[in-house]
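[1] Predicted model and sequence below, questions to follow.
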There are 4 protein chains.
Amino acid sequence: MAASLRLRGAASGLRYWSRRLQPPAASLAAVCSRSMASKTPVGFIGLGNMGNPMAKNLMKHGYPLIVYDVFPDACKEFQDAGEQVVSSPADVAEKADRIITMLPTSINAIEVYSGASGILKKVKKGSLLIDSSTIDPAVAKELAKEVEKMGAVFMDAPVSGGVGAARSGNLTFMVGGVEDEFAAAQELLGCMGSSVVYCGAVGTGQAAKICNNMLLAISMIGTAETMNLGIRLGLDPKLLAKILNMSSGRCWSSDTYNPVPGVMEGVPSANNYQGGFGTTLMAKDLGLAQDSATSTKSPILLGSLAHQIYRIMCAKGYSKKDFSSVFQFLREEETF
Amino acid sequence: MAASLRLRGAASGLRYWSRRLQPPAASLAAVCSRSMASKTPVGFIGLGNMGNPMAKNLMKHGYPLIVYDVFPDACKEFQDAGEQVVSSPADVAEKADRIITMLPTSINAIEVYSGASGILKKVKKGSLLIDSSTIDPAVAKELAKEVEKMGAVFMDAPVSGGVGAARSGNLTFMVGGVEDEFAAAQELLGCMGSSVVYCGAVGTGQAAKICNNMLLAISMIGTAETMNLGIRLGLDPKLLAKILNMSSGRCWSSDTYNPVPGVMEGVPSANNYQGGFGTTLMAKDLGLAQDSATSTKSPILLGSLAHQIYRIMCAKGYSKKDFSSVFQFLREEETF
Amino acid sequence: MAASLRLRGAASGLRYWSRRLQPPAASLAAVCSRSMASKTPVGFIGLGNMGNPMAKNLMKHGYPLIVYDVFPDACKEFQDAGEQVVSSPADVAEKADRIITMLPTSINAIEVYSGASGILKKVKKGSLLIDSSTIDPAVAKELAKEVEKMGAVFMDAPVSGGVGAARSGNLTFMVGGVEDEFAAAQELLGCMGSSVVYCGAVGTGQAAKICNNMLLAISMIGTAETMNLGIRLGLDPKLLAKILNMSSGRCWSSDTYNPVPGVMEGVPSANNYQGGFGTTLMAKDLGLAQDSATSTKSPILLGSLAHQIYRIMCAKGYSKKDFSSVFQFLREEETF
Amino acid sequence: MAASLRLRGAASGLRYWSRRLQPPAASLAAVCSRSMASKTPVGFIGLGNMGNPMAKNLMKHGYPLIVYDVFPDACKEFQDAGEQVVSSPADVAEKADRIITMLPTSINAIEVYSGASGILKKVKKGSLLIDSSTIDPAVAKELAKEVEKMGAVFMDAPVSGGVGAARSGNLTFMVGGVEDEFAAAQELLGCMGSSVVYCGAVGTGQAAKICNNMLLAISMIGTAETMNLGIRLGLDPKLLAKILNMSSGRCWSSDTYNPVPGVMEGVPSANNYQGGFGTTLMAKDLGLAQDSATSTKSPILLGSLAHQIYRIMCAKGYSKKDFSSVFQFLREEETF
């Protein structure tokens, strides 16, 4: 649900924009050696909550799949649908020259690419490897280097939008990699998302995602603190939200996803913070932002503190609630 | 300049809204004993950078003024224009039954109202006293109580918008006080501002202002941290701003007042952080937010830290620069 | 219990030191107009958890008391013991020229001194008024000014040490005021505490107390974070405490009052965080530190954050637990 | 200088303690296959500011050395002294079965152990590899695994104490690894340090070091904030330091290394923050603490903020000053 909300309004703009940002048609030629006339099989590794619906959207668009997941059960549905199931990332790489990976952490990504039976063991020259996991940009760059050594192409393309957007094909992809290959990536990613945004060199897709989510976390906590303070000072929450939204305090968290129950309809705060984007996931993304900031020596005073706040919330029973539940976390009255 | 920026876009909406929020016409009767048929003199205390142009806008609308300022020089211009200058707040109260005060701090406001020659020494029953200073909501409530004891009416009406908006009559007033008196306040405030918003009981005008500015400070620092991190991770600043503005990280500081030089035109960051809303003023407002939060026991983790950051900046040469200069503060490279 | 712990070891040093800091004997003469040859009555206002045992220690030393408390029940015990109970602070001031006040907040202190039936209504010239409440140093200075106008003397003398230390007469008093009067204050305070430290001009007693408690809060939270991190990294808590205590991380919170259960005996962490210095009280003192820092424009980045953390803890069920329970607050595992 | 200060007082205690923690003599037998009867050559990799004097202390104790540094110039001094210089870490491993590494970062350590011409290429079975670099505990564990696969032993043994302590052989070593091998490590480390502390399994040496330094950073900043606030509230700095040091605010930073000029002799604050432990180094260690906290999901609210503060200081001209210069950073008056 968070996903659809996040895109409502923004979607059309992003779509327009991503079109505008497409590399010129000429560059498509560059990738034609990689079969595109007919729909040749696409590899898909990682069939979890997000990967499953993403892979299905590729199927809907007519792409035969070569699939692998570390949990064999996750592949069953695809086997029943007639797709080919193999027993390792290496085997996927042997049979497909375009592969999408969707994995939970940096460590999983390293294993799937560089592990003993990883993609790199059998990757074909000229293959296009697109990683849609959300991982450390520095890891993405490392993987890209290794992939390049094998004569293949790596792009990072993390998604914005949750399971709902994955199902409806409305994800936003933020793509980093060689610009000449963007059109080739877009052909596949466009089947799974409504917006495919080119961000620059390898790693910048990850960078864009974690930057957005860090600012999101900061402004969400800021909105929650502000709404709580205003209410305690005697302001009506709906009126305060209106004032903020017409003033310089306005942000997505105040005008589109307000964390205070009763202020807006159709957002997690209206539904006991069910659905949406879980606190654990936000804590994970903030951990990546923190790692990137530490390694680039970038000061992130509020970003670090936001990270710690979501960390604490995970230990106080909020891990599965939407990240806007920080309002509830702060709201509780002191007890005596 | 910050002021006009802040209102661009929002202005029409706020104007509509403030009209919608007007108390019904009937309540106007309540204040008719306070001369409104002809334009009787209005008192104005505090003729500084903001008070001066505000008072002039009242003059332009045909209101004779009774003025006072602690610095006699500040009154000269008004004397030359034929307005009446008196020698204490008490004298203003003796000659005018509608008074506007525009003072730098809570302490000044207490002195002007409750001091040895303060307004309360000679205030007439039924007078309307409007304080447009930005002060602690708790102090506003205290003043209101004392004013009420004298049979007069107190409203807090702090402004949003800087000197430019004060000159052009485009301020936003956030008004707290008895709703029945809102129309009477609006008659005067409407001469000086384009938006007059009713916020609730006495003190809520101050509350709304400091809430907005706290969230503004948080999202500005957040935007600065995020843009800096993104740039260090290899993203183009303009592209990063576009991505944020179409995503859930969007906020006024990213889409209307971006702190990174080169991303937007016509904002302080495009002009070496000249003009706009000074770091010192932001630090002052955050101090008020902090005081309110402490006295209401409201946790403001990011708000407190934002306060400290602007505090530090004031000591590092940023006090007169626009508050978006936090980007510059964070941006500097480590030196060895 | 916290109190006795806090003083164990430090006590002898402080006692020595406070003796060394005594004003020279000559200055005793200055206060001799205030009856000291025989033990004339001493006023005591505020007979709560702390005031009650403090007043009793004065009785034990042979001082007749004139007592008042806003809750008449609190006076009963003293009436039964033959002390004189009166019905207002003003009445205390009429009958005693040395008065000690022990009140919960700044607001109570203002009321007791400056209220309609406050001390200042009937204070005698030359009286010595000692406030042992913990309040804002700025309020102490204000009170001192008003007291001085009446020809009397005001000293702030907040205490360190809890109910246990109050009972055993082992409090530490940090005293601010005119140095010539220190000996006179010491005569009384020495009956209730083992250390009486002269800190400087009026307000510095309060300043010293809130400074100490701010640093205490910071180092306690820091110790809790560090111990928790170390344990998660595989270190044995006792061994880690030993290493810290022999290294540069050493602090009172690590070596005398360790917050990790099992590391030390006889501290609140060994007793489910019962007893000691409550989280609510720490949050109150941090609020005073915050107010002082804001009004003096002093940056306190860690101090502010410590304040917010104890604020949050108060709302999460820790308000009555010892402030070292921040370890427990941080310790909880993330749940899924 | 920081080093000697840090150890003054603590040294004797630690020495006693490290003796007490020695594994029983029996376990020495376990390592006797690794030549100990006569002094066989010891490998030393990394001859920088710290490594150079450490290696010399081994020489003084009669150990022949096999040295390597990525900068050949660094080896010259040792060659002139008759030690054997080789051209890669692998070559060191070929010729020595006990090797000490002293490198600036995790990345360097990975390269020296696992790189193309790294130690692991030619390490002999049963060799003892001791890494005295300060690196991520997680990296230490990884290296230990790889070393173990080759049948050799890895221990992490980061040091506390600076160049001065390295020269005088007064470093403190915090050692993680198999306990049975501790005596073997101690034989060599004892030549370079006055305290060798066994901390537990591999990685706990690093953990202990970064834990101590995180708490040190927090209490140093806390002391600086507190002293600055107290001074602004009218307290004499020396008197405030005395009060803190006899109270619960006491910490190493207040009583042994006070950051306020004029309070203590012989510390960096008495010498314009020259010497001591540089801000850049503290920022590096806090980065490691941050990484460890993020990966173990441990909340470090103050630790994170301390990290960010030292990060900012590095960009404001404090990178080479002692880390106690945070007082100076906070102290500056606001300018207008």
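    Looks like it arrived, so ask away. Numbers count the residues shown, from 1 in each chain, chains lettered A, B, ... in the order given.
[2] what's the closest residue in space to residue A:110 that isn't next to it in sequence in contact with, if anything?
    Setting aside the residues directly before and after it, residue A:110 is nearest to residue A:139 in space (CB to CB, 6 or more residues apart in numbering or on different chains), at 6.6 Å. Heads up, the C-betas are built off the backbone N, CA and C, glycines and all. Residue A:139 makes contact with A:106, A:109-110, according to CB atoms under 8 Å, 6 or more residues apart in numbering or on different chains.
[3] Now pLDDT, neighbour count and secondary structure too, for those, in CSV please.
    As requested, these are exported to CSV (pLDDT from 0 to 100; neighbours: other CB atoms under 10 Å in any protein chain shown; DSSP: H, G, I helix; E, B strand; the rest coil):
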residue, pLDDT, neighbour count, secondary structure
A:106, 92, 21, helix
A:109, 96, 27, helix
A:110, 95, 17, helix
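[4] So which of those residues is the closest to chain B?
    Distance to chain B, by CB to the nearest CB, is smallest for residue A:106 among the contacts of residue A:139, at 15.2 Å.
[5] measure the closest one to residue D:215 for me?
    29 Å (CB to CB, to the nearest Å).
[6] mind listing what's buried in the helix or strand hosting the residue nearest to residue A:110?
    Using DSSP states H and E, residue A:139 sits within helix A:137-149. In terms of neighbour count (16 or more other CB atoms under 10 Å in any protein chain shown), helix A:137-149 has its buried residues at A:137-144, A:146-147.
[7] And the helices in the stretch 1-150 of chain A?
    For the stretch 1-150 of chain A, the helices defined by DSSP state H, counting those that start in this stretch occupy A:2-7, A:10-20, A:51-60, A:73-80, A:89-95, A:106-114, A:137-149.
[8] of those helices, which approaches residue C:241 most closely?
    helix A:106-114 (32.3 Å; CB to CB).
[9] ok, now how distant is residue A:276 from chain C?
    17 Å (CB to the nearest CB, to the nearest Å).
[10] ok, now residue A:261?
    Residue A:261 sits 17 Å away from chain C, taking CB to the nearest CB as the criterion.
[11] That residue contacts residue A:274, correct?
    No. Residue A:261 is beyond contact range of residue A:274, at 12.0 Å (criterion: CB atoms under 8 Å).
[12] who's more crowded, the two?
    residue A:261 (18 against 12; other CB atoms under 10 Å in any protein chain shown).
[13] On the three-state scheme, the residue nearest to that one when sequence neighbours are not counted is what?
    Spatial nearest neighbour of residue A:261, chain neighbours left out: residue A:269 (5.0 Å); criterion: CB to CB, 6+ apart. Under DSSP: H, G, I helix; E, B strand; the rest coil, residue A:269 falls in the helix class.
[14] ok, residue A:269 - contacts?
    Residue A:269 neighbours (CB under 8 Å, 6+ apart): A:257-261, A:263, A:322, A:324-325, A:327.
[15] 10 Å - rerun?
    Contacts for residue A:269 (CB atoms under 10 Å, 6 or more residues apart in numbering or on different chains) come out as A:224, A:257-263, A:276, A:322, A:324-325, A:327-328.
[16] coming back round to it: any shared contact partners between residue A:261 and residue A:274?
    residue A:268.
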